[in-house]
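Peer 1: Coordinates only, no sequence provided:
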Ligand code: 13P
Ligand code: SF4
């Protein structure tokens, strides 16, 4: 297939399963991505779990909250989202006039997948009085069924903004939900979802590593299981973890979240040591999110080149999903 200069038939191509032309080996992907970004007035938003080269190429690098806030303010014509589907979808919802691209449409999220809209609707019908709080790691359909969205950075603030006597349904992450129950003292009704990556950490192997490095601090993302969080010195979102390693006097950290975050940790604290928390299966790189890692430099280049794949959403769905995101953003 010939290279496309103007994206006239992108929707049809996207639906048919577009196969790009092979990239000649002499092409410098980094240079070409920079050139295309300038030419097409595009910006790259990347999550900390992306591969290092993609993080380095990004215009905005951050956690889910920062990226949603940044997406809302983008003035460029095009947003290339180096992250997973729910993140790109959120960008489209908060800034619908922009063309939002995701290098690989299959970059999903096990947590978002653990909450199918029809099942969730049925679940909610049991709790008509409840305020529905959903973690941003869910589909637009789930957001549309929510009252307010949260991320791991602002979840405590979001829960505390709800009157004490009001029952709360929290979805889809039961681990983050349990953590929030402890932190806020609120008795929430939890949906039974989880993230595969954060559930893969091995409690026993973490204990062994902590014994091996007695001066190390063990830090964890709140998507991890309760027994892992119970032994953590610090619990926080990816940006929270980053701020913590900069502030802490400790020089060694055992880090229980997706391993991509170590790149930014090492950049900010080159004199400190960061050890990825061990997973149950010693033979796999399970602390890497396979969905996040579907994005590659090649796909990023093709995405900018062909302006594909594009996030397309029904306008009614976008409006319904926007209201609970706006409520979250209004909290600051
Ligand atoms: P953060 O909002 O902490 O970056 O988390 C995103 C995520 O997907 C964690 O698995
Ligand atoms: Fe989803 Fe887990 Fe990957 Fe985050 S790390 S994107 S929650 S599967």
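Peer 2: Great, that's in hand. It should be emphasised that the depicted structure is a prediction, and the values quoted were computed from it without experimental measurement. Residues are numbered from 1 along each chain as shown. Ligands and ions are numbered 1, 2, ... in the order given.
Peer 1: how close does the closest residue to residue 115 other than its chain neighbours get to residue 194?
Peer 2: Once flanking residues are discounted, residue 115 sits nearest to residue 172: 3.6 Å by CB to CB, 6 or more residues apart in numbering. (Glycine included, C-beta is placed from N, CA and C.) Distance from residue 172 to residue 194, counting by CB to CB, to the nearest Å: 8 Å.
Peer 1: Ok, residue 167 next?
Peer 2: As judged by CB to CB, residue 167 and residue 194 stand 22 Å apart.
Peer 1: quick one: which of these two has more around it?
Peer 2: Each of residue 167 and residue 194 has its neighbours counted (other CB atoms under 10 Å); residue 194 has more, 20 against 14.
Peer 1: follow-up on the earlier one: report whether the expected contact of the residue nearest to residue 115 with residue 223 is present.
Peer 2: No. Assessed by CB atoms under 8 Å, residue 172 is found out of contact with residue 223, at 10.7 Å.
Peer 1: Common neighbours of these two, please.
Peer 2: Listed as contacting both residue 172 and residue 223 by CB atoms under 8 Å, 6 or more residues apart in numbering are residue 111.
Peer 1: residues touching residue 201, list them.
Peer 2: Counting by CB under 8 Å, 6+ apart, residue 201 has contacts 220, 224-225, 228, 256, 277-280, 287.
Peer 1: These: which two are farthest apart?
Peer 2: Distance extremes for those: the farthest pair is 220 and 280 at 15.4 Å, using CB to CB.
Peer 1: more neighbours, those two?
Peer 2: Ranked by neighbour count (other CB under 10 Å), residue 220 and residue 280 place residue 220 first, with 26 against 13.
Peer 1: the strands in the stretch 1-150 of the chain, which residues?
Peer 2: Along the stretch 1-150 of the chain, counting by DSSP state E, counting those that start in this stretch, strands occupy 42-47, 60-62, 78-82, 99-101, 131-135, 148-150.
Peer 1: C-terminal to the last one, what's the next element?
Peer 2: This means strand 148-150. Downstream of strand 148-150, the first helix or strand assigned by DSSP states H and E is helix 155-160.
Peer 1: now what about that next one, what contacts it?
Peer 2: With contacts defined as CB under 8 Å, 6+ apart, helix 155-160 is touched by 133, 135, 148-150, 168, 170, 176, 180, 183-184, 186, 188, 222, 328, 331.
Peer 1: now it, how far from the centre of its chain.
Peer 2: The gap between where helix 155-160 is centred and where its chain is centred comes out at 18 Å by CA atoms, centre = their mean, to the nearest Å.
Peer 1: for stretch 313-327, same thing?
Peer 2: Mean C-alpha position of stretch 313-327 versus that of the full chain (CA atoms, centre = their mean) differs by 18 Å.
Peer 1: So it, near ligand 1 or not?
Peer 2: No. For a cut-off given as CB under 6 Å from any ligand atom, stretch 313-327 has no contacts with ligand 1; the smallest distance is 13.8 Å.
Peer 1: Make CSV from the strands of the stretch 1-150 of the chain and add mean pLDDT and distance to ligand 2 to it.
Peer 2: Formatted as CSV, the strands of the stretch 1-150 of the chain follow (pLDDT from 0 to 100; distance: least, CB to the nearest ligand atom, whole Å):
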stretch, mean pLDDT, distance to ligand 2
strand 42-47, 98, 8
strand 60-62, 98, 14
strand 78-82, 98, 12
strand 99-101, 98, 17
strand 131-135, 98, 9
strand 148-150, 98, 14
